[in-house]
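**Q** got a sequence here, can you build the structure:
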Amino acid sequence: MSGVPPAPPGAFLPRRATGMRLGAALLGILLFLLPAAARAQEYSLSLPNGDTLSFPLDTLRRMMDDARRLRDILERDPKVLYYTGTGPPATASDPATAYPWRAVRVRSDSAAEVATPSNLREMDRAYFNYAVRKMSSLDQEGPAAGCDQVVDREVLRTWSFLDGWILSRTLYGGPPFPPVDLMVFARAKGHLTAMLVALGDSELIGCADRWAGDHPERMAAYRAWREGALGTWADSARAADSARAARDSAARAARDSVLRAARDSASAMRDTASADTTRADTASAPGG
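**A** Predicted structure coming up:
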């Protein structure tokens with residue numbers, strides 16, 4: 001897929017000759033009509049420890065333009081095939097299903113599967129961003145890319161994913177999900193690469209250990225920052241997940257018990273009816 005060069009942070013693709021999506025159009029009209037003071041309004045994301053990041057509306061518009069162009073490639077480029085669906089829900093105890101390298105499967109430079117977690121459907125534009133960037137990098141990278149290139153390209157793909165995530169969280173009512181919200185803050189703090197390495201991003205193939213070995217101070221700085229950023233949220237969220245799982249298990253056990261009782265009752269009724277039929281046949285037989 002040759003029309004989409006990997007973009008550095010803050011860079012955007014040339015405008016494609018395609019229709020403007022409704023969300024981008026409305027945002028553009030809003031920006032045109034509002035006075036400068038209103039356009040300076042900021043939208044924020046927060047972490048459980050109270051840390052906050054703010055995003056001016058102009059910045060969100062640039063992110064919107066980029067996301068719209070990337071989605072146009074998926075939906076309007078006749079050479080591109082993509083499939084969408086839902087994946088398993090992402091939880092505190094198993095957040096990995098929300099990470100883009102798990103939710104997106106790119107088969108070639110023009111074919112991708114996107115399985116947005118079922119409880120994060122509002123965030124689909126983030127996964128579409130990642131899918132198109134991944135297809136683009138397959139189109140451009142050579143068969144023997146060095147580790148520096150592998151890491152840099154995955155950081156850029158994830159950067160685009162996070163732009164889509166920010167849009168979904170701030171403008172489209174996407175739910176908070178701290179394990180991925182944390183990636184937005186890691187990017188702002190300069191810890192994104194270290195976070196991808198620590199999370200075991202599968203797109204880094206054999207380069208994660210090498211990068212960690214070359215940058216031990218950056219890995220240590222990331223881990224120290226992460227501990228403070230999440231605070232006690234991870235423990236409390238895992239406890240909530242465990243309680244929810246216990247409730248679900250109890251509900252399934254109760255349902256199974258009711259079903260077994262119903263099956264046993266139906267079986268007993270069939271046995272009784274069969275015995276009655278046998279007695280009736282015996283009584284009506286000659287000499288019975």
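
**Q** every contact and neighbour count from this point should use C-alpha atoms.
**A** Noted.

**Q** any weak-confidence spans in this structure?
**A** Segments of the chain classed as low confidence (criterion: pLDDT under 70) are 1-41, 139-145, 231-249, 251, 275-276, 278-288.

**Q** the residue positioned nearest the centre of it and Gly164, how far apart?
**A** Averaging the C-alpha coordinates of the chain gives a centre point, and the residue nearest to it by C-alpha atoms, centre = their mean is Ala98 (3.6 Å). Ala98 is 13 Å from Gly164, where distance means C-alpha to C-alpha, to the nearest Å.

**Q** what of Val151?
**A** According to C-alpha to C-alpha, Val151 stands 20 Å off from Gly164.

**Q** next: Lys79.
**A** When Lys79 is compared with Gly164 (using C-alpha to C-alpha), they lie 23 Å apart.

**Q** and Thr272, what element?
**A** Assessed by DSSP states H and E, Thr272 sits inside helix 233-284.

**Q** mind listing what Val155 touches?
**A** Counting by C-alpha atoms under 8 Å, 6 or more residues apart in numbering, Val155 touches Leu192, Thr193, Leu196.

**Q** got the buried residues for the strand or helix carrying it?
**A** Secondary structure here is read from DSSP H and E; on that basis Val155 sits in helix 147-171. Going by neighbour count (16 or more other C-alpha atoms under 10 Å), the buried part of helix 147-171 is 147, 150-151, 153-170.

**Q** since we're on Thr193, how many residues are nearby?
**A** Residues near Thr193, counting by other C-alpha atoms under 10 Å, number 25.

**Q** scratch that, Leu138 is what I was asking about
**A** Neighbour count for Leu138, taken as other C-alpha under 10 Å: 18.

**Q** for Asp152, see how far away it is.
**A** Plainly put, Leu138 is 14 Å away from Asp152 if you go by C-alpha to C-alpha.

**Q** now swap in Asp94 and tell me
**A** Distance, Asp94 to Asp152, by C-alpha to C-alpha: 26 Å.

**Q** again, but for Tyr99
**A** 17 Å.

**Q** out of the contacts of Val155, which are inside helices?
**A** In helices, defined here by DSSP state H, the members of those are Leu192, Thr193, Leu196.

**Q** TSV for those, including distance to Ala90?
**A** Converted to TSV, the ones in helices among the contacts of Val155 look like this (distance: C-alpha to C-alpha, whole Å):
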residue	distance to Ala90
Leu192	20
Thr193	22
Leu196	17
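
**Q** pick the one among the residues you listed closest to Asn119.
**A** Relative to Asn119, the closest of the ones in helices among the contacts of Val155 is Leu196; by C-alpha to C-alpha it sits at 22.4 Å.

**Q** number of residues surrounding the closest one?
**A** Neighbour number of Leu196 under other C-alpha under 10 Å is 21.

**Q** cool, and Leu182?
**A** Counted with other C-alpha under 10 Å, the burial measure for Leu182 works out to 20 neighbours.

**Q** give me phi/psi at it?
**A** Dihedral pair for Leu182: phi -60, psi -30, per degrees, to the nearest 10.
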